[in-house]
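1. Structure, please.
(one chain, ligands or ions: 1)
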Amino acid sequence: MGWKIVPMAAVIAVVAALGFNGRGDAPPRTPVLPSQVAASRCAVQLDDAGPAAWPVWVDPPGQPASAVAAVEAVTAPGRGGAALRIGLLSGADAYTGAHAYYTHQLPAGAQAFALSFDYLLPPTSLNNREHPSIAQAFEISLSLWKKSDKAGVFYRYEWGLQYQIVGNTAPDWRLWNGTDWVTTGIQQELVGGDDRWHTVLIEGYVGADRDGNGHGDDLRYVAMRSDDLAIPLGIDLPLQEVQVDASQDYATVAVQLDGNFQQDPYAVTIDNVVLCPYATSPWGD
Ligand SMILES: [Ca+2]
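-> Below is the predicted model:
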C-alpha cells in the first residue's frame, strides 16, 4: 500500500529523544496501544449530518477573501453511505487553510476522547519530491469550550493531529500543543487518490484537570492508529488555555486542509467520522 512502516522500538525511541515536556515528575507510564473504536457505542457519524452542519472557517482568520472553500455531500463509492467532500477551491494568499467544523454538545464530565474517521487524500507528491505537493498538511482537531470555576469565565482547549505533507520532517504526524505543531517523529507515506481510503484514530485527554490545579489544561495523547500502524504515544503536553466568550460547554470536531505555497486547489473526502467521549479513562491510566 506504499506506507513506510517505522519499527515500534524506533518510534518509542524517537518520541523519547524529542523530550516532550511531561507534567511534574510523574513516573514513566506504560505505553498503551490504541483501541479500536467501538462502533456500537459511538455509532453516530458526524459527517452524515450533511454540509449544512459543517461550516468553514478560514485560517488564518481576518482574511475572508484569502481562500474559498466548500463542503458538499457525496456518496462514498463502495462504502454504502453518505460522506463529505471538503474542497479548498482557491485563494489569494499562500498557506491558507480551510477549517470545516461540526459543533455539538457533550455529556457532562467528558474529558477523554477517541476520534476516528476515514478519508481520501488528493493525489500528490510528498514533501515536494519530483514536483510541488498539492497540499501542505491535513489536520483533525477537537476543541472544547468549557466553563471554569470562575463565574462566567470559559476556556477553550484544543487537541489536534496533523499529517504534514511538506516540511522539514515531512511526511510525518504532528501533535498540537495549543500554540504550535510538534512532531512525533513518526513518518508515514500515505497515497492519495480515489478509493485509497485511509483511517486514523487518536485517543487522549483534553480539558481534564488530572493534576488538580483547578484548570482543565492537562493534555495527554494516549495513542493513535493510522491505517495498520498502531502507535503508543503517552505524551503529555502543557496546553495553553485560551479564555473565550461562551455561555455553555460545547465541542467542535474539525478537519482542516492547509494550502501550499501557491494555494493549489484540492479536496479531501471524509466518512465514518466518530467521536467517543468518556468521563473516565478507558485506557487504564
Ligand atoms: Ca458517513
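2. Every contact and neighbour count from this point should use C-alpha atoms.
-> Will do.
3. Next, count neighbours for residue 271.
-> Using other Cα atoms under 10 Å, the number of residues around residue 271 comes to 25.
4. Now the phi/psi pair for it, please.
-> phi -150, psi 160 (degrees, to the nearest 10).
5. Tell me the residues of the chain that contact the ion?
-> 48, 82, 83, 271, 272 (Cα under 5 Å from the ion).
6. Could I get the contacting residues of the first one?
-> Going by Cα atoms under 8 Å, 6 or more residues apart in numbering, residue 48 touches 82, 83, 84.
7. Pairing-wise in the sheet, spell out the partners of the first one.
-> For residue 82, the beta-bridge assignment (DSSP bridges) gives partners residue 75.
8. quick one: low-confidence parts of the stretch 51-200 of the chain?
-> 61-67, 77-78, 80, 92 (pLDDT under 70).
9. residue ranges for the helices of it, please.
-> Secondary structure of the stretch 51-200 of the chain (DSSP state H, counting those that start in this stretch): no helices present.
10. Which strand residues bridge residue 199?
-> residue 118.
11. That one touches residue 115, doesn't it?
-> No - counting by Cα atoms under 8 Å, residue 199 sits too far from residue 115 to count as a contact (10.7 Å).
12. more crowded one of those two?
-> Legend: neighbour count by other Cα under 10 Å for residue 199 and residue 115, higher for residue 115 (21 against 17).
13. residues in contact with that one?
-> 201, 202, 203, 273, 274, 275, 276 are the contacts of residue 115 under Cα under 8 Å, 6+ apart.
14. Can you give me the neighbour number for the residue lying closest to the fourth one once chain neighbours are set aside?
-> Residue nearest to residue 273 in three dimensions, not counting chain neighbours: residue 117, with 4.3 Å by Cα to Cα, 6 or more residues apart in numbering. A count of nearby residues for residue 117, using other Cα under 10 Å, gives 20.
15. So which of the contacts of residue 48 wins on neighbours?
-> Most crowded among those, counting by other Cα under 10 Å, is residue 83 at 27 neighbours.
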